[in-house]
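# Structure for this input, please:
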Amino acid sequence: MNCVENLHRAIILTWIGDYKTANELAKQCLNILSDAREINKKVKEVLRETDKEHLIPKKLREKGITTTDLIQLALFHLAKRLSRREESVSEIMEKNGVKFSIIQNSNKKEIRGYCETCKGYKYSLLKNAYGYYIIYDEIIFSEFFQGNLNDVIDEILNNIKF
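Here you go, the predicted structure:
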């Protein structure tokens, strides 16, 4: 898996609360993008030397910094941010290859999920509870007020296209 795919997956995993796996993926990218530190030094040097913003692109080109270098630097900073937090706040459960986290507010329950192999878009009202679910490619989201949590998860899993 390449670094962009790892970061994509890490962003979704942090959204559901799986910081441990996201941290591992981000650290793999940091190792791949380790030469971005040198690019970062060059960019900071250009920013210190330049007093007018419109001259920054010209100075970057003069220093030999390409758009590919800037993209690599941006991915490096994203991976750094994603690798900072290690422990998961919410409980992560896995069922049929789909990761779920459950967030319970006062009277509302929220399910956030990640399904790596799922494709497509679907939304519907829940039959087993008062609420709804949305599935968009690999992201799953549901809110409901009354009903059994396991019944809701089973209903969502039955409607996923793997």
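# all contacts plus neighbour counts: C-alpha atoms, from now on.
Fine.
# can you pull out the strands in this structure?
Using DSSP state E, the strands found in the chain span residues 92-95, 98-104, 109-114, 121-125, 131-136, 139-144.
# Contacts only, for Lys27.
By C-alpha atoms under 8 Å, 6 or more residues apart in numbering, the contact list for Lys27 reads Ala79, Lys80, Ser83.
# That should have said Glu24, apologies.
Shown in contact with Glu24 (C-alpha under 8 Å, 6+ apart): Ser83.
# so how far is Ala79 from it?
According to C-alpha to C-alpha, to the nearest Å, Glu24 and Ala79 sit 10 Å apart.
# got it, and Ile92?
Shown here: Ile92 relative to Ala79, a distance of 22 Å by C-alpha to C-alpha.
# more crowded one of the two?
Between Ile92 and Ala79, Ala79 has the larger neighbour count (other C-alpha atoms under 10 Å), namely 27 against 15.
# quick one: low-confidence parts of this structure?
Low-confidence segments of the chain (pLDDT under 70): 1, 86-89, 162.
# farthest residue from the center of it?
Centroid-distance maximum for the chain: Asp51 at 35.8 Å, with C-alpha atoms, centre = their mean.
# Can you tell me which of the contacts of Lys27 is closest to Cys3?
Ala79 (9.1 Å; C-alpha to C-alpha).
# List the contacts of the closest one.
Residues counted as contacts of Ala79 (C-alpha under 8 Å, 6+ apart) are Leu7, Ala26, Lys27, Cys29, Leu30.
# Tell me how far the nearest residue to the first one once chain neighbours are set aside lies from Leu33.
Closest residue to Leu7 apart from its sequence neighbours, by C-alpha to C-alpha, 6 or more residues apart in numbering: Ala26 at 6.3 Å. Per C-alpha to C-alpha, Ala26 is found 10 Å from Leu33.
# For these two, indicate the residue with more neighbours.
Between Ala26 and Leu33, counting by other C-alpha under 10 Å, Ala26 is the more crowded of the two (29 against 17).
# Give me the buried positions along stretch 146-154.
Across stretch 146-154, burial judged by 16 or more other C-alpha atoms under 10 Å covers Leu149, Val152, Ile153.
# Would you reformat the residues you listed as CSV and include distance to Leu60?
Shown next, in CSV, are the buried residues of stretch 146-154 (distance: C-alpha to C-alpha, whole Å):
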residue, distance to Leu60
Leu149, 54
Val152, 53
Ile153, 51
